[in-house]
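In: Below: sequence and its predicted model.
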Amino acid sequence: MCKIYSVRPFQCISYPIWRIILTKKKNWNENLKKCKGINITKGEFYSQKRILDILNEEFQLEKDFFLEMKTHNFKIKEVYPFLGNI
């Protein structure tokens with residue numbers, strides 16, 4: 001199990017319920033190879049509604065991020081000044 005499991009970010013909580021993974025069988029199969037936790041039968045069951053809720057939350061986060069970046073002319077260091085001189 002992940003060492004930061006109890007405080008993991010949304011991206012980790014929602015994996016593998018990501019639009020990019022669920023929209024193409026090829027992407028799903030590639031992630032099956034990378035993650036031992038996908039397709040196990042012991043895990044928690046996610047209803048269709050819950051999956052759609054997670055996808056909608058992901059979409060809203062991406063939309064908010066895009067709009068914030070657009071506000072700053074897509075200059076990531078203005079949005080995240082802690083990036084400094086990277």
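Out: All right, it came through fine.
In: residue nearest the centroid of the protein?
Out: Centroid check for the chain by C-alpha atoms, centre = their mean gives Gln11 as the closest residue, at 3.3 Å.
In: give me phi/psi at that one?
Out: According to degrees, to the nearest 10, the main-chain angles of Gln11 amount to phi -60, psi -40.
In: and it, how far is that from Lys24?
Out: Between Gln11 and Lys24 the distance is 19 Å, computed by C-beta to C-beta, to the nearest Å. Just so you know, the C-beta spots here come from the backbone N, C-alpha and C atoms, and that holds for glycine as well.
In: Over to Leu52?
Out: To Lys24, Leu52 is 18 Å away according to C-beta to C-beta.
In: what does Lys70 give?
Out: For Lys70 relative to Lys24 (C-beta to C-beta), the value is 27 Å.
In: next one: Ser47
Out: In terms of C-beta to C-beta, Ser47 sits 22 Å off from Lys24.
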